[in-house]
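Enquirer: Provided below are the primary sequence and the corresponding predicted coordinates.
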Amino acid sequence: HRLPMVRAAASLLEETHLSLFATPSRRGYTIQFKNRDLPQDGGDAGRQVRTYGLPVPMSNYLSNGGYSLLVTSDGDGFSRRREVMLNRWRADTGADTGFYVYIRDIGLDTFWSAAYHPTRVKPDRYQVNFSAHQARFLRQDKGIVTQMEVSLTPDDSLELRRVTLKNLSGRERRLEVTGFLEVALDTQAAESSHPAFNKLFLQSEFLAEHGALLASRRVPGGDSPTAMMMLRGGADGKVEYETGRMNFIGRNGSLQSPRVIREGLPLSNSAAFTGDPIMSLRRQVTLPPGGEMVMLFAAGLFDSREDAISACGAYQAAGRAEDALERFRQQSRIELAYLGISGGQLRAIQNIIRQLYYPYRYFRGPAENIRRNWDGQSGLWKFGISGDLPILLLLVKSEDDARLVRDVLKVYEYMGINQARADLVIIAEGNYGYTSELTNMLTGMTSSLKIYDSAREQSGIYVLHSYELAPSDMDLLYTVARLVVTGDSGIYFRRGALPG
């Protein structure tokens with residue numbers, strides 16, 4: 001590599017181009033090419049939900065390596081670029097935090113949402129399909145079929161929500177389609193610690209030529225991340241917009257029944273400062289009997305205002321969004337093939353990620369240990385664990401659990417590559433002096449992970465020995481862990497019924 005001839009061609013390694021096939025090598029790991037066929041998408045690689053309002057909804061986590069989103073089967077979730085959140089989010093399925101799409105029938109004076117939340121209107125038919133590259137919501141209400149596909153672009157920090165409306169009735173229907181999200185533009189910890197103060201520094205702007213809203217944070221001496229929301233499609237009138245939450249939901253209102261949706265009020269079309277900022281876009285559509293219309297919502301986070309405007313212009317082009325969705329589908333298949341993840345393993349990984357963000361008691365430690373615990377986050381610091389990230393706890397008894405360790409490390413590897421950050425704490429159970437072989441096994445297996453190919457951050461894996469831990473330490477680890485994996489449970493948790 002020191003030869004001038006070799007160094008002269010080094011720039012070719014950084015060259016990018018638009019292609020149907022996306023290479024994961026630009027995301028921090030190495031590809032080994034083999035003569036093998038990629039598995040085709042099939043039912044075994046996806047999950048299907050045919051009900052709504054589950055106590056613990058299923059979820060789907062998508063990422064292109066920089067931008068990630070999580071969406072539940074009821075429509076809640078979050079979007080983020082690295083650590084910066086696009087929308088306000090809480091780990092509470094009753095909090096109504098997410099990116100929502102409302103549909104209102106003007107003639108019947110009724111409304112619903114593309115997913116079950118936030119309106120909680122019971123549909124005539126409801127189905128959710130999760131796959132490695134998208135989440136698809138399908139529902140039918142009063143002769144209108146609503147389909148929403150949620151996915152990402154492979155190259156930009158951008159998510160796409162393609163809403164397809166079809167009129168099954170025998171009369172013409174006029175509909176209003178409204179997208180909504182509450183802007184965060186900060187880390188989850190910063191936004192949740194003082195949400196009212198956090199909102200005071202957000203400003204909004206509407207780009208009429210693109211039908212898009214921009215939001216940014218006022219910071220001294222430089223650009224701040226810029227949020228963008230764009231609506232494309234629909235042929236009736238101009239795009240309406242709203243940036244104030246109070247104007248949207250009304251006094252003492254809620255996202256379940258916002259005033260502008262419930263009463264059919266127009267949006268204010270004002271981007272003036274507000275102490276409770278949102279991003280909302282609306283457009284009307286007219287569907288003849290049997291007619292169909294496709295509308296596209298695009299939202300994302302960018303380094304600057306100029307980058308956001310550039311993305312708006314790029315995705316106005318016909319076919320650009322469809323090409324991006326297809327390339328992200330191909331990239332997801334390549335990634336799963338590279339990591340050697342089967343459909344069953346992917347379903348287990350998605351259930352684990354769901355538990356990290358929406359904790360449920362079934363997957364946690366014993367209730368007695370949690371009840372006894374008296375320590376807090378600072379008790380983790382002596383182990384070098386900050387406690388700022390969700391914790392996955394793995395209990396290993398002997399070398400016979402090697403397969404379990406491999407399964408958990410594959411889960412953690414997938415999470416690391418896709419920016420689902422968490423700390424993995426491995427407890428090697430055994431008496432003093434008899435754990436050297438187990439320790440060697442764990443050291444060898446954790447040091448060969450593909451996430452070590454990237455020097456961006458430390459791995460977040462901690463190996464502790466049970467003989468070094470006091471009973472109070474075990475109580476603390478059981479309490480803070482959002483998921484506890486043992487030899488009995490495995491990563492599939494087949495000894496009990498999975499909630500949802």
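Expert: Structure's in. What do you need? Numbers count the residues shown, from 1 in each chain.

Enquirer: Show the subsequent helix or strand relative to the lowest-mean-pLDDT helix or strand in the chain.
Expert: Ranked by mean pLDDT, DSSP states H and E, the helix or strand of the chain with the weakest confidence is helix 4-8, at a mean of 71. Towards the C-terminus, the helix or strand next in line after helix 4-8, according to DSSP states H and E, is strand 47-49.

Enquirer: chain center to that next one, what's the gap?
Expert: 17 Å (CA atoms, centre = their mean, to the nearest Å).

Enquirer: Report the strands that pair with it, each with its relative direction.
Expert: strand 125-130 (antiparallel) (DSSP bridges).

Enquirer: Which strand or helix spans Ile334?
Expert: helix 320-339.

Enquirer: Same question for that helix: list its buried residues.
Expert: Across helix 320-339, burial judged by 16 or more other CB atoms under 10 Å covers 321, 324-325, 327-336, 338-339. (Each C-beta comes from the backbone N, C-alpha and C, glycine too.)

Enquirer: tell me the helices in this structure, going along the chain?
Expert: If DSSP state H is used as the criterion, the helices of the chain fall at 4-8, 188-193, 195-199, 245-249, 259-262, 305-314, 320-339, 343-357, 367-372, 402-417, 436-446, 471-480.

Enquirer: List just the one of those helices that sits closest to Ile391.
Expert: helix 471-480 (5.3 Å; CB to CB).

Enquirer: Okay, buried residues for that closest one please.
Expert: Using 16+ other CB under 10 Å as the test for burial, helix 471-480 gives Asp473, Met474, Asp475, Leu476, Leu477, Tyr478, Thr479, Val480.

Enquirer: how about stretch 357-369: buried residues?
Expert: Tyr357, Tyr358, Pro359, Phe363, Arg364, Gly365, Asn369.

Enquirer: just these now: which is nearest Gly253?
Expert: Distance to Gly253, by CB to CB, is smallest for Tyr358 among the buried residues of stretch 357-369, at 25.6 Å.

Enquirer: and that closest one, what does it touch?
Expert: By CB atoms under 8 Å, 6 or more residues apart in numbering, Tyr358 lies in contact with Val56, Pro57, Ser59, Thr72, Ala91, Thr93.

Enquirer: neighbour-wise, which of the residues you listed leads?
Expert: Comparing these by number of neighbours (other CB atoms under 10 Å), Thr72 comes first, having 26 neighbours.

Enquirer: So what sits opposite that one in the bridge?
Expert: Here Thr72, judged by DSSP bridges, has bridge partners Ser59.

Enquirer: Strands of the stretch 151-300 of the chain, start to end?
Expert: Using DSSP state E, counting those that start in this stretch, the strands of the stretch 151-300 of the chain run over 158-167, 173-186, 202-207, 212-217, 226-232, 236-244, 277-287, 292-302.

Enquirer: on that earlier part again, with distance to Pro123 added, can I get the buried residues of helix 471-480 in JSON lines?
Expert: Output for the buried residues of helix 471-480, formatted as JSON lines (distance: CB to CB, whole Å):
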{"residue": "Asp473", "distance to Pro123": "49"}
{"residue": "Met474", "distance to Pro123": "46"}
{"residue": "Asp475", "distance to Pro123": "45"}
{"residue": "Leu476", "distance to Pro123": "44"}
{"residue": "Leu477", "distance to Pro123": "43"}
{"residue": "Tyr478", "distance to Pro123": "40"}
{"residue": "Thr479", "distance to Pro123": "39"}
{"residue": "Val480", "distance to Pro123": "39"}
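
Enquirer: would you turn those residues into TSV with pLDDT?
Expert: As requested, the buried residues of helix 471-480 are exported to TSV (pLDDT from 0 to 100):
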residue	pLDDT
Asp473	94
Met474	94
Asp475	95
Leu476	95
Leu477	95
Tyr478	94
Thr479	95
Val480	94
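
Enquirer: My read is that Lys199 contacts Phe273, right?
Expert: No - in this structure Lys199 lies outside contact range of Phe273 using CB atoms under 8 Å: 10.4 Å.

Enquirer: Now do the contacts for Val463.
Expert: Applying CB under 8 Å, 6+ apart, we find Val463 in contact with Ile426, Ala428, Thr439, Leu442, Thr443, Thr446.

Enquirer: Give me the pLDDT for it.
Expert: pLDDT recorded at Val463 is 88.

Enquirer: Could you give the bridge partners of it?
Expert: Counting by DSSP bridges, Val463 forms beta bridges with Ile426.

Enquirer: swap in Gln48?
Expert: Beta-bridge partners, per DSSP bridges, of Gln48: Asn129.

Enquirer: how much space between it and Phe130?
Expert: 8 Å (CB to CB, to the nearest Å).

Enquirer: can you check Thr486 too?
Expert: The spacing between Thr486 and Phe130, counted by CB to CB, is 26 Å.

Enquirer: now do Glu413
Expert: For Glu413 relative to Phe130 (CB to CB), the value is 21 Å.

Enquirer: picking up where we left off before, now the buried residues of stretch 357-369 as CSV including pLDDT and distance to Pro289?
Expert: Listed next are those as CSV, based on pLDDT from 0 to 100; distance: CB to CB, whole Å:
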residue, pLDDT, distance to Pro289
Tyr357, 93, 43
Tyr358, 91, 41
Pro359, 89, 47
Phe363, 86, 49
Arg364, 88, 52
Gly365, 88, 57
Asn369, 92, 62
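
Enquirer: need those residues in TSV with distance to Thr97, can you?
Expert: Formatted as TSV, the buried residues of stretch 357-369 follow (distance: CB to CB, whole Å):
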residue	distance to Thr97
Tyr357	11
Tyr358	12
Pro359	16
Phe363	22
Arg364	22
Gly365	27
Asn369	30
